[in-house]
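# what would the 3D arrangement of this be:
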Amino acid sequence: MSAEHHHHEHSDHHEHHELGFWRKYVFSIDHKVIGIQYAVTALFFLLFGFCLMMMMRWQFAYPLQPMPFIGTWFGETFMPGGVMTPDFFNSLGAMHGTIMVFLGVVPLVVGGFGNYVMPLQIGAPDMSFPKLNMMSYWVFFVGGVIMLASFFVRGGAASSGWTSYAPLSVIAPTGQTYWLIGMVFLITSSLLGSMNFIVTIVQLRAKGLTMFRLPFFVWAQFVTAFLLLLAFPPLEAAGVLQLMDRVAGTSFFLPEGLVVSGQQLVQKREITGGGSPLLWQHLFWFLAHPEVYVLILPAMGIVAEIVANNTRKPLFGYRSMVYSVIFLGFMSFIVWAHHMFITGMGTTMATFFQTTTMIISIPSIVVLTALILSLWGGSIRFTTPMLFALGFLPMFGIGGLTGLPLGLAATDVHLHDTYYVIGHFHYVVAPGTIFGLFAGVYYWFPKATGRAMNEALGKLHFWGSLVFMNVIFMPFFIMGLAGVSRRLYDGGASYAHAQHVLQWNVVSSVGAWCLGLAQIPFIVNFFWSAFRGRRVGANPWEATTLEWAAPSPPPHGNFPQLPRAHRGPYEYSVPGASRDYLPQWEPRGA
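So this is what the prediction gives:
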């Protein structure tokens, strides 16, 4: 079926009677409403996951001290006398990681920005499968509720880390079962969404919008959708198998002769044993390494849009960036075992995976270099979105560079499971990806609401976030190189050789609490601007991509008439043109 036929079909479909409140705003099949639902839900989860981390930081900085204000809220089981128990600390750690990655960042970059912006950028009236789109949100929402419900069951929430490593996770309390059921829902949501994204980008592009006229953000979402579609099924299968180990007496991941509390588990539970804990690690990391690129690619796409718009010049090396993200998507499937160098896989396999890991750094460097070179000679506007986009570049650079020693088996043996790993990962996803997300919120907020966010509050938010993100995570490298292990509930206080670096725990924790305060201007700005912000027109940033051809906010069906693409996505400062931007939708010579 041709794209043109699809467009006519969709245009007819959208001329129908006015929907009631529930169908319009709750169980909506409009991609824009679903995108906003995803974004607001994910921002709530990010805030909740951040609060869990702030509690953990108290325990790191002042181990075995009663927590002020909220220490007594959690009862004698989890915090007797306001002092955090090791089990509760483990739950906070596992749920912080799970919530931030699977309930926060992925739903925001793909479900939020992808759903809202991508159909507008390709000139489509909606997604290809609107009801599937609605289902992907509600399956995600149910998964999130199940995850949060696990805090209220006997024994507390999941406590085996965000990686849920067997065999510990198989013998953990009931919260782990909730974690696995929640993950099955979240993975199903991503699979439904990714199929929809691929079909929409292939089938519903506007006339004249060839693949190499697509904005870089759409390319990033396209590759991300393939990563989700191909990498998530192994973890869904693994989650079901681990669930069977917990509730049905199987032993896919339980080894022979496992001894728990001095008693052999086989005798206790009448199970056969013979499973492989390493099988879980392979299945988990086969998803979780592509998952890192699921986080970072859409953020790179957002930053590329904002850099081109605020330098008033085309992206440097657009085609090389596109080829890089395609190659990066392919390579992300053959690097997973660099998380497993100390499992005894042998030098031959270790050599293969460290080689692919070094290779996969090249496309990331190409994209980062192209974005930095795009700044050269630009007439830069330092708007709030641009500040966050500029902040993304060095932060992601630090994250990438610190990952190289972890990709080499010789150095990883010493650094594995230390604070260094946490520092590396968080530089990629916290000041890296999340800065990209904040940039996107400030950039597309006028399109979604018809109102601009406050620039002064935005800049206050940026500078506070930039400073305190580094205060939190830079000390992790110092502690990690000193050999302090991660996931120690006392922050290393019982480690004799860690004593000379433990003062950095206090620095990092103070940074975390200050970062929490730095988010208050954003929260105030977000909600105040949604109702009271300055009204803006359809194209307040004077941008060139197709989403700015739609009214702000776009109506049902997006465009009064479907646009046609006449040129590439970043025609800024064209010699001889009357303005410094030529939108894709304006005919030649207009």
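# so T356 sits against F333, correct?
No. Under the criterion of Cβ atoms under 8 Å, T356 lies out of contact with F333, with a separation of 9.4 Å. Where C-beta positions appear, they are placed from N, C-alpha and C, glycine not excepted.
# in terms of neighbours, single out the busier of these two.
When neighbours are counted by other Cβ atoms under 10 Å, T356 comes out ahead of the other of T356 and F333, with 18 against 15.
# hang on, that one in a helix?
Yes. Counting by DSSP: H, G, I helix; E, B strand; the rest coil, one finds T356 located in a helix.
# tell me the contacts of it?
Neighbouring residues of T356 by Cβ atoms under 8 Å, 6 or more residues apart in numbering: M331, I334, V335.
# doesn't the first one belong to a helix?
Yes. Counting by three-state DSSP, M331 is found in a helix.
# distance of it relative to S324?
As defined by Cβ to Cβ, to the nearest Å, M331 lies at a distance of 10 Å from S324.
# where do the contact lists of those two overlap?
When contacts are counted by Cβ under 8 Å, 6+ apart, the set common to M331 and S324 consists of P363.
# out of the two, which sits in the more crowded spot?
With other Cβ under 10 Å as the criterion, M331 and S324 differ in neighbour count, and S324 comes out ahead with 23 against 20.
# might you list the low-confidence residue ranges for the stretch 1-150 of the chain?
Scanning the stretch 1-150 of the chain for pLDDT under 70 picks out 1-17.
# swap in the stretch 451-590 of the chain?
Where the stretch 451-590 of the chain drops to pLDDT under 70, the residues are 589-590.
# would you map the strands across it?
Taking DSSP state E, counting those that start in this stretch as the criterion, the stretch 451-590 of the chain carries its strands at 451-452, 534-535.
# just the helices in the stretch 351-500 of the chain please.
Under the criterion DSSP state H, counting those that start in this stretch, the stretch 351-500 of the chain contains helices at 384-403, 409-415, 419-428, 435-449, 455-481.
# please identify the most buried of the ones you listed.
For those, ranked by mean neighbour count under the definition mean count of other Cβ atoms under 10 Å, the leader is helix 435-449 at a mean of 25.
# and it, what's its mean pLDDT?
Averaging pLDDT along helix 435-449 gives 96.
# show me what that helix is packed up against.
Counting by 3 or more Cβ pairs under 8 Å, 6 or more residues apart in numbering; DSSP states H and E, the packing neighbours recorded for helix 435-449 are helix 31-61, helix 115-121, helix 277-311, helix 384-403, strand 451-452, helix 455-481, helix 520-532.
# chain center to that helix: distance?
15 Å (Cα atoms, centre = their mean, to the nearest Å).
# kindly report the same for stretch 438-453.
In terms of Cα atoms, centre = their mean, the gap separating the centre of stretch 438-453 from the centre of its chain is 19 Å.
# ok, H96 touching G49?
Yes. With contact taken as Cβ under 8 Å, H96 and G49 are classed as touching, separated by 5.3 Å.
# find residues that contact each of these two.
What both H96 and G49 touch, as defined by Cβ under 8 Å, 6+ apart, is an empty set.
# nearest to G378, out of the helices and strands packed on helix 435-449?
Go through those one by one with Cβ to Cβ and the one that ends up closest to G378 is helix 277-311, at 2.9 Å.
# what helices and strands are in contact with the closest one?
Counting contacts by 3+ Cβ pairs under 8 Å, 6+ apart, helix 277-311 packs against helix 106, helix 216-247, helix 318-331, helix 347-374, helix 384-403, helix 419-428, helix 435-449.
# go again using 7 Å as the cut-off
In this structure, helix 277-311 makes packing contacts with helix 216-247, helix 318-331, helix 347-374, helix 384-403, helix 435-449, judged by 3 or more Cβ pairs under 7 Å, 6 or more residues apart in numbering; DSSP states H and E.
# buried residues, that helix. List them.
Residues 277-278, 280-311 are the ones in helix 277-311 that count as buried (16 or more other Cβ atoms under 10 Å).
# how close does the residue nearest the centre of the chain sit to I181?
Per Cα atoms, centre = their mean, the C-alpha nearest to the average position across the chain is that of V105, at 2.9 Å. Noted for V105: a distance of 21 Å to I181, by Cβ to Cβ.
# can you give me the helices in the stretch 51-200 of the chain?
Taking DSSP H, counting those that start in this stretch as the criterion, the stretch 51-200 of the chain carries its helices at 75-78, 86-98, 106, 115-121, 130-149, 175-203.
# ok, which of the ones you listed comes nearest S508?
Taking Cβ to Cβ, helix 86-98 is the member of the helices of the stretch 51-200 of the chain nearest to S508, at 14.5 Å.
# what angle separates the closest one from helix 419-428?
Taking axes from the mean of the first three to the mean of the last three Cα atoms, to 10 degrees, helix 86-98 and helix 419-428 form an angle of 30 degrees between their directions.
# helices or strands up against helix 86-98?
Right, helix 86-98 is packed against helix 31-61 by 3+ Cβ pairs under 7 Å, 6+ apart.
# report the buried residues of the helix it packs on.
31-39, 41-43, 45-46, 48-50, 52-61.
# same deal with stretch 173-188?
Of the residues in stretch 173-188, those buried under the neighbour-count criterion (16+ other Cβ under 10 Å) are 173, 175-188.
# what do you get for stretch 231-249?
231-232, 234-236, 238-246.
# contacts for stretch 253-265, please.
Contacts to stretch 253-265, defined as Cβ atoms under 7 Å, 6 or more residues apart in numbering, come from residues 166-167, 170-171, 242, 245, 271, 273-277, 279-280.
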